[in-house]
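**Q** Build the 3D model from these lines:
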Amino acid sequence: MTGFFTRSDKTMWSNIARHSRLRSERVALERHHEQARLVLRYPVLVYYRWREKSAFARLISSKPANARDAREKLVYLMALMTSNVAALHVSEVQCAVRTLHPFRSDLAEALVCSTSRRW
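**A** Just a heads-up that it's a prediction; the model follows:
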């Protein structure tokens, strides 16, 4: 039986969706700062940033269950790095690489196939 606080982060997609949703909520709060009272805005913003950081840490440290999960994680992290949305530290990149290491041949094959397509 699952309780109210039981997490079901069984797939990489759920971790990615959680981080993306929390980031969107934080950005929306920062954009609509004039609608919130200044006294309440700062603690709420700190809380949202903490939630986003914890979701990102969970995403970085989570181990993919299969090659598809590994590819989803790799593509999402590459998109974050190239869009300059999140500055990844070297330790975070190393941790992500360690979790993706068992699927390196599948990921290399997927990257080679995706870059060899002609437009």
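
**Q** so where's this protein shaky on pLDDT?
**A** 1-10, 32-40, 86, 113-119 (pLDDT under 70).

**Q** Next, please give the residue ranges for the helices of it.
**A** Secondary structure of the chain (DSSP state H): helices at 12-31, 38-61, 67-82, 90-100, 104-115.

**Q** Just put these in a markdown table and tack on mean neighbour count.
**A** Placement of C-beta: from N, CA and C, glycine included. Output for those, formatted as a markdown table (neighbours: other CB atoms under 10 Å):
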| stretch | mean neighbour count |
| --- | --- |
| helix 12-31 | 16 |
| helix 38-61 | 14 |
| helix 67-82 | 17 |
| helix 90-100 | 14 |
| helix 104-115 | 12 |
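
**Q** I'd like to know how far the residue nearest to Ser61 when sequence neighbours are not counted sits from Pro43.
**A** The shortest distance from Ser61 to any non-neighbouring residue, by CB to CB, 6 or more residues apart in numbering, is to Cys95 (6.0 Å). Counting by CB to CB, to the nearest Å, the gap from Cys95 to Pro43 is 30 Å.
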